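Asks: Sequence and computational prediction follow.
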Amino acid sequence: MLDRIIRALSTPKPLPLPEPDEKLALGALMVRMARSDRHYELLEIQRIDLLLMRLYKLGPIEAARMRALCEKLEHAAPGTEHFGHVIRETVSLEARVSALEALWEVVLSDGTTRPEELKALDAAREAMGLSPVDSAAARARAQDL
């Protein structure tokens, strides 16, 4: 019993998570899309890493580290709206449409589109201030990749 108390008191507390900027917000949204159907698959993880590499000019290790941080942020965040608002308030319309396209790439990456994923994606779209027409165009571009 005393050992457990000593270990609990001596265990370092985890560092607080950073406040997400537009890059971390998009990464967290990608993770949220992948997890929305309760099946966080390797194909989705790989797609997120590839997107982070492509969008932010990262190497594979940096992208994996960023995804890991985004996973923690996604887990700790109260709702999709928070990340969408960060993106809406900090980037251009064109960048928001590109972000929506990245979310579609994640949703489509495992070959199965479930209602939960579509619901999460629609919430992100609304929070980013984009229209259903923007979403349809982003989906079409994501499918062409």
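Replies: In hand now; what should we look at? None of the values given here were measured: they were computed from a predicted structure.
Asks: Low-confidence bits of the chain, can you list those?
Replies: Applying pLDDT under 70 to the chain picks out residues 1-15.
Asks: any chance you could map the helices in it?
Replies: 2-10, 22-35, 42-56, 60-76, 80-90, 93-108, 115-127, 132-144 (DSSP state H).
Asks: Point out the most buried one among those.
Replies: Among the helices of the chain, helix 22-35 has the highest mean neighbour count (mean count of other Cβ atoms under 10 Å), at a mean of 25. To be clear about C-beta, it is placed using only N, CA and C from the backbone, and glycine gets the same treatment.
Asks: Give me the residues contacting that one.
Replies: With contacts defined as Cβ atoms under 8 Å, 6 or more residues apart in numbering, helix 22-35 is touched by 18, 20, 40-41, 44-45, 47-48, 51-52, 55-56, 66-67, 69-71, 73-74, 77, 80, 82-84, 86-87, 90-91, 95, 99, 102-103, 106-107, 109, 117, 120-121, 124.
Asks: which residues touch the closest residue to Arg67 other than its chain neighbours?
Replies: Take Arg67 and drop its neighbours on the chain: the residue closest to it by Cβ to Cβ, 6 or more residues apart in numbering is Ile48, 5.3 Å away. Applying Cβ under 8 Å, 6+ apart, one finds that Ile48 lies in contact with 27, 30-31, 34, 67, 70, 106.
Asks: I appreciate the help and will end here.
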